[in-house]
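Engineer: my questions are about this predicted structure, shown below with the sequence.
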Amino acid sequence: MKHSILIFIVLYNLVSCDQYREFIKEIDYSKTVTKDFKYDLLNPNKKYFMGYSLEEISGLSYMRNDVLACIQDESGKLYVYDTKKKTVIRRIKFHKGGDYEGVEVVGQKAYVMKSNGNLFEFPLDQGDKVDAKKIKTSFDTENDVEGLGYNPKTDRFIIACKNEGGIDEKKVKGKAVYSFDINGKGNKHKLLFNITKEDIRNFLKKMNRFEENISFQPSAIALHPIENRYYILSSSGKALLVMSDNFKIEEYIKLKPAILHQPEGICFSPRGTMYISSEGDGQDGFILKYKYNK
C-alpha cells in the first residue's frame with residue numbers, strides 16, 4: 001500500500017511538472033504588458049556573464065559610464081563591473097560574510113542592505129578594504145529586506161520588504177515599501193505604499209487578465225529616472241510590477257523563466273537603460289541589459 005502511494009505521488013509530480021512546462025510554453029509574454037511599457041523583456045540587448053564569484057548575484061546599482069556596482073548574497077564584498085570591458089574591475093571588502101541583498105551608490109559612498117535590516121555605508125575612494133559603518137534601522141529578520149533603491153529628488157532610500165511589512169509594532173497588509181531618511185531625526189521611516197495580492201488581482205481584472213496563483217515577494221526595487229515610476233522585481237512568481245508616482249499599479253508583467261529564472265537586482269542608467277541581474281542556479285550569475293524604447 002505504501003509503495004502504491006509513493007508511486008502515485010511520484011507520477012503525479014512528474015505529470016504536474018510536465019503540465020507546468022507546457023503552461024510556460026503557452027504563455028504569450030508579449031501580451032502581459034501595456035502599450036506604455038518601454039522595454040522588450042523577451043529580447044535583452046546584451047547579456048553579461050559574471051563568473052563564479054557572482055553566481056549568487058543579488059543587488060545592483062548604476063555607478064557611471066556603464067559601470068555597475070554588484071553584490072552577492074553571501075560575501076561582504078562590493079564588485080565593480082565594467083559592461084564595456086565585460087569584467088569586474090574592482091572588489092571592495094566592506095564587512096564579513098552575510099545575507100546581503102541590496103546596494104545603492106550615492107555620490108562617493110556605497111550603501112549595502114542586509115536582509116536583517118542593517119544598512120552598511122562605506123566610501124568608494126579609500127582603497128579596496130574598508131570598515132563599513134553599520135546603520136541600524138527599524139527593520140528586522142521578519143521583514144526580510146531585499147529591495148534597496150534611492151530617490152535623488154528626496155534624498156531618501158527606498159526599501160522593499162520581502163516578507164512582513166510592519167515595523168515598530170505596526171502591522172501592514174501585504175508587502176510594504178518604505179522611504180528611509182539616513183540623515184533624519186525622529187521618524188526616519190515612512191511607509192510609501194503596500195501591495196496585496198488582491199490589489200494585483202484587481203489590476204489584472206481591469207486588464208482582462210487572470211492569474212490563478214499570484215506570488216509576489218519583492219526581491220529588488222528601483223526608481224525609474226525618466227518615468228519616476230517604481231519598478232519592483234519578484235523572484236518568487238517571476239514578475240515585474242510597476243507602480244506610478246502616486247502609488248497605483250500600472251504594470252504586472254510575467255517574466256519568462258528561460259530568460260530570467262531568478263531575478264534579484266535592478267537598476268537604471270540616467271537615460272533609462274535597464275539592467276536586471278539573475279542568480280546562476282549552479283552556473284554563472286548574469287546581468288541583462290534592456291534599452292529604453294522611447
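Structural biologist: Great, that's in hand.
Engineer: in the chain, which residue is most central in space?
Structural biologist: When the chain is reduced to its mean C-alpha position, the nearest residue by CA atoms, centre = their mean turns out to be Ala220, at 1.8 Å.
Engineer: please name the nearest non-neighbouring residue to Ser115.
Structural biologist: Nearest in space to Ser115, with sequence neighbours left out and distances taken as CB to CB, 6 or more residues apart in numbering, is Asp99 at 4.3 Å. C-beta coordinates here come from the backbone N, C-alpha and C atoms, glycine included.
Engineer: which ones are touching the residue nearest to the centre of the chain?
Structural biologist: With contacts taken as CB atoms under 8 Å, 6 or more residues apart in numbering, Ala220 has the following neighbours: 58-60, 102, 146-147, 160, 232-233, 263-266.
Engineer: what do you get for Gly285?
Structural biologist: When contacts are taken as CB under 8 Å, 6+ apart, Gly285 is in contact with Phe49, Met50, Gly51, Leu54, Glu55, Glu56, Ile57, Gln72, Ser277, Ser278, Glu279.
Engineer: name the nearest residue to it, sequence neighbours excluded.
Structural biologist: Of all residues beyond its chain neighbours, the one nearest Gly285 is Ile57 (3.7 Å), with distances taken as CB to CB, 6+ apart.
Engineer: who's in contact with the one you found?
Structural biologist: Ile57 touches 50, 70-72, 264-265, 277-280, 285-287, counting by CB under 8 Å, 6+ apart.
Engineer: for the residue nearest to the centre of the chain, helix, strand, or coil?
Structural biologist: Assigned with DSSP: H, G, I helix; E, B strand; the rest coil, Ala220 falls in the strand class.
Engineer: in the sheet, who's paired with it?
Structural biologist: Beta-bridge pairing of Ala220, defined through DSSP bridges, involves Leu233.
Engineer: quickly list what Leu240 is bridged to.
Structural biologist: The partner residues for Leu240, given DSSP bridges, come to Leu233, Ile253.
Engineer: can I assume Gly272 is in contact with Tyr292?
Structural biologist: Yes. The pair Gly272 and Tyr292 qualifies as a contact (CB atoms under 8 Å) at a distance of 3.2 Å.
Engineer: now the common contact residues for these two.
Structural biologist: Here Gly272 and Tyr292 have Lys38, Ile226 as joint contacts, going by CB under 8 Å, 6+ apart.
Engineer: check which residues of whichever strand or helix holds Tyr62 are buried.
Structural biologist: Per DSSP states H and E: Tyr62 is located in strand 57-64. Of the residues in strand 57-64, those buried under the neighbour-count criterion (16 or more other CB atoms under 10 Å) are Ile57, Ser58, Gly59, Leu60, Ser61, Tyr62, Met63.
Engineer: format those as a markdown table; extra columns: pLDDT.
Structural biologist: Supplementary listing: these in a markdown table, determined by pLDDT from 0 to 100:
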| residue | pLDDT |
| --- | --- |
| Ile57 | 93 |
| Ser58 | 91 |
| Gly59 | 93 |
| Leu60 | 97 |
| Ser61 | 98 |
| Tyr62 | 98 |
| Met63 | 97 |
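Engineer: what segments of the stretch 151-294 of the chain are helices?
Structural biologist: Counting by DSSP state H, counting those that start in this stretch, the stretch 151-294 of the chain has these helices, from start to end: 197-206.
Engineer: for it, give me the ranges with low pLDDT.
Structural biologist: Under the criterion pLDDT under 70, the flagged ranges of the stretch 151-294 of the chain are 185-186, 281-282.
Engineer: so which pair among the contacts of Ala220 is furthest apart in space?
Structural biologist: Largest separation among these by CB to CB: Ser58 and Ile232, giving 14.9 Å.
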